[in-house]
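Novice: I need the structure of the sequence given here:
(4 chains)
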Number of protein chains: 2
Amino acid sequence: MENQNISDIIESYLKQILAESQQVEIRRAEIANQFNVVPSQINYVIKTRFTIQDGYVVQSKRGGGGYIRIEKVKLLDNLDFIDSLVTAVGDRISRHDSLSVVRSLFEAGAINRSEANIILAAINKDAINTGDRQADEQIRAQILISILNHLRYES
Amino acid sequence: MENQNISDIIESYLKQILAESQQVEIRRAEIANQFNVVPSQINYVIKTRFTIQDGYVVQSKRGGGGYIRIEKVKLLDNLDFIDSLVTAVGDRISRHDSLSVVRSLFEAGAINRSEANIILAAINKDAINTGDRQADEQIRAQILISILNHLRYES
DNA sequence: ATAATATTAGTCAACATTAGTCAAGAACAC
DNA sequence: GTGTTCTTGACTAATGTTGACTAATATTAT
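Specialist: Have a look, this model is predicted:
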């Protein structure tokens, strides 16, 4: 049933480690070799699956002894956390990134599963579809920010 | 029963799988090839025969390892009620009228207070404000309908 | 110390691989 | 005949893969 591409597999591998450890440190070339992909694909995986919206912070160093370190971010108290999400949303946000925001809210305990699902219904493609992508991304951002601001005092 | 068109046949094929499994995941091109139709016909079949009214939720992903996943969901017993609200919302809805819709949902027990508040945050003036009143009313309608459709089933 | 070289990771654009949309015409039902 | 449903394909969009080139850091040679 699971029809996975290699990026998904690498993502799973890293998240499996992160499930038991606060952080994971890799050598890019080594992982690339292990999964038989070009090194830059590791950057792609990180860029698309380990963003701050997803709750990860990435640090790296080049040169001899270089590394990429992925750290699962500790959720601050709710207010700072919501601030950081508001910043992350900004003036406009893609559908993909907005999913990460909702997931982060859920994982932080700011919303429960049914609340998350309602928010997802409010920002999905059926809900926001004016025909102008940029307009859609702006509306999506405004809705998310309105909800985030509501969550500031509700919770 | 005799003269089934190809869309009906593809529908049967998928529903046969769904009779034994909660969900089915396909590669569009593969199924199209199997039934000797163009890929977009699969979209047609899904759009006309696997709607939320029928009790199906569809998700998909493009790119390498892409898929279309059809999930059979358990519909709740509030369908007529939801239908009536969807009709009431229509193509566009004023802010004032949308408050009534949310109130109805709350009073019917379809949502609790914090869910209601999230929905209100999603459709209030801060959230939806393009400068064009008619556009705002259309967006508000789409968001509400998307949420209403979500409330049809257990998730 | 400084320069040269080696060893890492980062960026970006081209290409590949999927699914989605839309509108025109065909087939069908009445 | 008319209106609806079905079929098709051209075009679009999203996502993934690859490799050439760049940048940063460490190590070695002088």
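Novice: so what's the spatially most central residue of chain A closest to, chain neighbours aside?
Specialist: The residue lying closest to the centre of chain A (C-alpha atoms, centre = their mean) is A:Asp54, at 2.3 Å. Excluding its sequence neighbours, the residue lying closest to A:Asp54 (C-beta to C-beta, 6 or more residues apart in numbering or on different chains) is A:Ser100, at 4.9 Å. Where you see a C-beta, it was placed from the backbone N, CA and C, and this is true even at glycine.
Novice: Any idea how many residues pack against that neighbour?
Specialist: Counted with other C-beta atoms under 10 Å in any protein chain shown, residues neighbouring A:Ser100 total 19.
Novice: do A:Tyr153 as well
Specialist: With neighbours defined by other C-beta under 10 Å, the count for A:Tyr153 comes to 7.
Novice: quick one: it from A:Phe50, how far?
Specialist: Using C-beta to C-beta, to the nearest Å, A:Tyr153 is found at 31 Å from A:Phe50.
Novice: Ok, A:Gln23 next?
Specialist: Applying C-beta to C-beta, the value for A:Gln23 to A:Phe50 is 11 Å.
Novice: again, but for A:Leu14
Specialist: 7 Å.
Novice: ok, back up a step: OK, contacts around the residue nearest to A:Asp54?
Specialist: A:Ser100 is in contact with A:51, A:53-54, counting by C-beta atoms under 8 Å, 6 or more residues apart in numbering or on different chains.
Novice: Pick the one among those closest to A:Ile9.
Specialist: A:Ile9 lies nearest to A:Asp54 out of the contacts of A:Ser100, by C-beta to C-beta, at 17.3 Å.
Novice: Which pLDDT value does the model give that closest one?
Specialist: The model reports A:Asp54 with a pLDDT of 89.
Novice: avg pLDDT for stretch A:9-28?
Specialist: Stretch A:9-28 comes out at a mean pLDDT of 97.
Novice: hmm, who's touching it?
Specialist: By C-beta under 8 Å, 6+ apart, stretch A:9-28 touches A:4, A:31, A:35, A:37, A:39, A:41-43, A:45, A:49-50, A:66-72.
Novice: Check whether it comes near DNA strand D.
Specialist: No: between stretch A:9-28 and DNA strand D, judged by C-beta under 7 Å from any atom of the strand, nothing touches; the nearest distance is 7.7 Å.
Novice: List the buried residues in that stretch.
Specialist: For stretch A:9-28, the neighbour count (16 or more other C-beta atoms under 10 Å in any protein chain shown) marks A:10-11, A:13-15, A:18, A:24, A:26, A:28 as buried.
Novice: related to what we said a few turns ago, shared neighbours, A:Gln23 and A:Phe50?
Specialist: In contact with both A:Gln23 and A:Phe50: A:Ile70, using C-beta under 8 Å, 6+ apart.
Novice: Tell me which residue in chain A sits closest to DNA strand D.
Specialist: Across chain A, the shortest distance to DNA strand D (C-beta to the nearest atom of the strand) belongs to A:Gly63, at 2.5 Å.
Novice: Next one: that residue, what pLDDT does it get?
Specialist: Note for A:Gly63: predicted pLDDT of 95.
Novice: any idea how far it lies from B:Val101?
Specialist: Distance from A:Gly63 to B:Val101, by C-beta to C-beta: 60 Å.
Novice: Alright, that wraps it up for me.
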